[in-house]
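Novice: One predicted model, sequence on top.
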Amino acid sequence: MPIYQTASFSHPALGQSTGFDYSRTSNPTRLALEETLAGADGGFKGFAFASGLAAIDTVLHLFKAGDRLLVTEDLYGGTFRLLDKVFRPLGFDAIYVDTSNIEAVKEALRQPGVKGIFIETPSNPLLRIADIRAIASLARPHGILTIVDNTFLTPVSQRPLALGADITVYSATKYLAGHNDVVAGAVVVNTPELAERIGFFQNAIGAILGPQDSWLTLRGLKTLPLRIHKQQENAGRIATWLGTHPHVRRVYYPGLPSHPGRDILDREHLGFGSMVAFEVDSASRIPGILSGVKVFLFAESLGGVESLITYPAVQTHADIAPDIRDRLGINDRLLRLSIGIEDGNDLINDLAAIL
Amino acid sequence: MKTQTKLIHSGRDRDPYTGASSIPIYQTSTFAQPDPEHRGPYDYARSGNPTREALEHSIAALESGAVGLAFSSGMAATSSVLLLFKPGDHLVVGSDIYGGTYRILTGLFKRWQLDVTFADSTDQESFQRAITPATKALFIETPANPLLNITDLRAMAAIARNHGLLAITDNTFMTPYLQRPLELGFDIVVHSATKFLGGHSDLIAGLAVTRDEALGRQLGAIQNAFGAILGPQDSWLVQRGMKTLGVRMEAQQKTAGEIARWLQGHPAVKHVYYPGLPDHHGRNIHERQAAGAGAVVSFELGGRPAVLKLLKQTKLTLPAVSLGGVESILSYPAMMSHAALPESERLERGITNGLARLSVGLEAKEDLIADLESALN
């Protein structure tokens, strides 16, 4: 696919267009990515944005002041910040709910003014699983939009639109692009009506993905299934190994038999992803672990070919109030791993040496 | 550290200044010198560029070599290696070497009086007979293109050692993920990194690795003086591609094995060449020196019309030259990769008018077989 590094497209004649006029509105390289994303997600239309948050921001413009949004309570700190610091002052409120608890969701959906539910599943960083099919079927009769952040599992391991969701959003920076070298976001919608509205906002707000990064994301997508399968295989092994380690108090991984919500993912048989969180026995171990890892990179982000280790309480979830963090279990002993495609034994040995 | 881990971490897996998880693309030609009396680590990007250097370190580590060097194409890498020799030197070269290598040896370098004898490297006796007092190196390829003929790397390294020759091999088809000739006694490995290393059919690049530091310095001086370097953008893209080399090669080779066996059972196919097949000539040698059979399969269809029909009627495979990409590529050696060979020479080597070569990509095996089946019937 050529990288159409152009702002403008010349017109054959007055009133005619090649289909491309101005790259904010549409660009052939970005369009190729958007069509690939829609195909991968089984959706009607895809859209590419400058970042995952730009994608979410654009989707949130579907709502207006006075509307309310149900949101997974232990969600990504950046999404929380966007809702709390940007949209709440505009009169668009979020109601935080444990979306892995279907009864709690049912209850929350009854609150007045709810126009949408935004689910992150598995949630970040505790990997709690929401039942997308059940939630979407509760929301739909009330005209409530179901939006799923599918960043952690990607279409390879979870197909929210096929489960009844209306919109998927992605930080394409993560698994979709997959090499920790692009910042990008994506949205896929299920209906022509939503496609028209999101397309309008994409052009009007203008938080689009440039042609270079569109091309790199497309290049990354070509190896997505290979990477995901290898990463899931490594993650399953590492989670099991961590579970047997004396200094590890608790392991969060949806593929572990003990994980609540495992059955929900297991219904689709597509995999459990490659994010693993674990709690060590003492916070005093954390600095040594973060500076001692050799194969893992101590860095934010996730989903790349290289394995990363993150300290959620300080890095990704610092914007969430300490009391909420504690209640959720995002404490100062918690570490999050994004498992890459290195040799699984090398990863286990790296963790073994510092634990 | 396993090769799979080295692929992710062997170059520069983080930027030393900012910690960036992807090596920066140093799109610069020159580097300001803080102290005019002492040269900094970089001065001019032909001589050294941090992005290219990261790739060079990575390929050196993967091939278990001392020095890695990146060039603007596989042929630029090979040409630069050939500049190690001087007029009057003689090389013994495997007779089924890549057509482009044949072309520079018989065209360009012949004019500089580099003498070449082509000999069958699968036959050690006859290969050794081609060695003369002026011989300075042997240059082979295994599995060779396009018939996947197997040369014994250890035996060739021993011949080179006994005669005081440099042993050079083109490792493009295997990559260090499957085969590491320097560990078996070779001195220089060259690659078209355009193929499996880059892996996405979206760049042109070459690499060379030397086992020995001094030879590496000599080749480095040629790289700088001749200047056929790889630019920073493509250096970065090759590294990005190499990160998934292991998972790509595993998947592509698995599908290639299944397609090779399927082709064997097809009535329109006269013969299948693939090192993973039990009856492939040299298979035992290949298994001793490589960790897998790779992802290139060649097959004989009996004549030109059958190959042309296949090229026109397949829908998934790209009818194109090159190989090693995520997309399957179907090529016609007689008219493409080996068109530079005189016809008599080409036929003598078994590269018939009915030979097709398939570089197997990442598509689903079922889809590729269905595509081939509808075109073959």
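Specialist: Good, I have the coordinates. Values in this document were obtained by computation on a predicted structure and should not be read as measured data.
Novice: List the contacts of residue 266.
Specialist: This is for chain A. Contacts for A:D266 (C-beta atoms under 8 Å, 6 or more residues apart in numbering or on different chains) come out as none. (C-beta placed from N, C-alpha, C; glycine too.)
Novice: Sorry, I should have been clearer: chain B.
Specialist: B:E373, B:L376.
Novice: now do A:S258
Specialist: A:S258 neighbours (C-beta under 8 Å, 6+ apart): none.
Novice: one more time with 10 Å, if that's ok
Specialist: Going by C-beta atoms under 10 Å, 6 or more residues apart in numbering or on different chains, A:S258 touches A:G243, A:R250, A:V251, A:Y252.
Novice: hang on, the second one in a helix?
Specialist: Think A:R250. No - read with DSSP: H, G, I helix; E, B strand; the rest coil, A:R250 is strand and lies in no helix.
Novice: What about it, how many residues nearby?
Specialist: Counted with other C-beta atoms under 10 Å in any protein chain shown, the neighbours of A:R250 add up to 16.
Novice: Any idea what it is bridged to?
Specialist: A:E279 (DSSP bridges).
Novice: tell me which element A:D57 falls in.
Specialist: Using DSSP states H and E, the element containing A:D57 is helix A:52-60.
Novice: before we move on, back to that, among the contacts of A:S258, which one is most surrounded by other residues?
Specialist: Of the contacts of A:S258, with other C-beta under 10 Å as the count, A:Y252 tops at 24 neighbours.
Novice: count of neighbours near the residue nearest to that one when sequence neighbours are not counted?
Specialist: Residue nearest to A:Y252 in three dimensions, not counting chain neighbours: A:A277, with 4.1 Å by C-beta to C-beta, 6 or more residues apart in numbering or on different chains. A:A277: 23 surrounding residues under other C-beta under 10 Å.
Novice: what's the one helix or strand A:A277 maps to packed up against?
Specialist: Assigned by DSSP H and E, A:A277 belongs to strand A:275-280. Secondary-structure packing of strand A:275-280 (3 or more C-beta pairs under 10 Å, 6 or more residues apart in numbering or on different chains; DSSP states H and E): helix A:224-243, strand A:248-252, strand A:334-338.
Novice: from the chain's centre, how far out does that strand sit?
Specialist: On the basis of C-alpha atoms, centre = their mean, to the nearest Å, strand A:275-280 sits 18 Å off its chain's mean C-alpha point.
Novice: cool, stretch A:137-147 as well?
Specialist: Relative to where its chain is centred, stretch A:137-147 has its mean C-alpha point 20 Å off (C-alpha atoms, centre = their mean).
Novice: Please list the residues of the stretch 151-300 of chain B that sit near chain A.
Specialist: Contact residues, the stretch 151-300 of chain B versus chain A (C-beta under 10 Å from any C-beta of the partner chain): B:199-202, B:236-237, B:239-248, B:250-252.
Novice: How about residue 207: what's its closest non-neighbour residue?
Specialist: With no chain named, the answer covers chain A. Nearest non-adjacent residue to A:A207 (C-beta to C-beta, 6+ apart): A:A54, at 3.6 Å.
Novice: Sorry, I should have been clearer: chain B.
Specialist: Using C-beta to C-beta, 6+ apart, the nearest residue to B:L207 is B:H191, at 4.3 Å.
Novice: got it, and B:T314?
Specialist: B:A375 (4.5 Å).
Novice: what's the spacing between that neighbour and B:P333?
Specialist: In this view, B:A375 and B:P333 are 18 Å apart by C-beta to C-beta, to the nearest Å.
Novice: Compare neighbour counts for those two and give me the winner.
Specialist: Set B:A375 next to B:P333 and count neighbours by other C-beta under 10 Å: B:P333 wins out with 24 against 18.
Novice: Let me see the confidence value for the nearest residue to the more buried one once chain neighbours are set aside.
Specialist: The spatially closest residue to B:P333, leaving aside those adjacent along the chain, is B:P146, at 4.4 Å (C-beta to C-beta, 6+ apart). We have a pLDDT of 92 for B:P146.
Novice: cool, and B:G100?
Specialist: 88.
Novice: re the thing from before, list the ones among the residues of the stretch 151-300 of chain B next to chain A that fall in helices.
Specialist: B:236-237, B:239-243, B:245-248, B:250-252 (DSSP state H).
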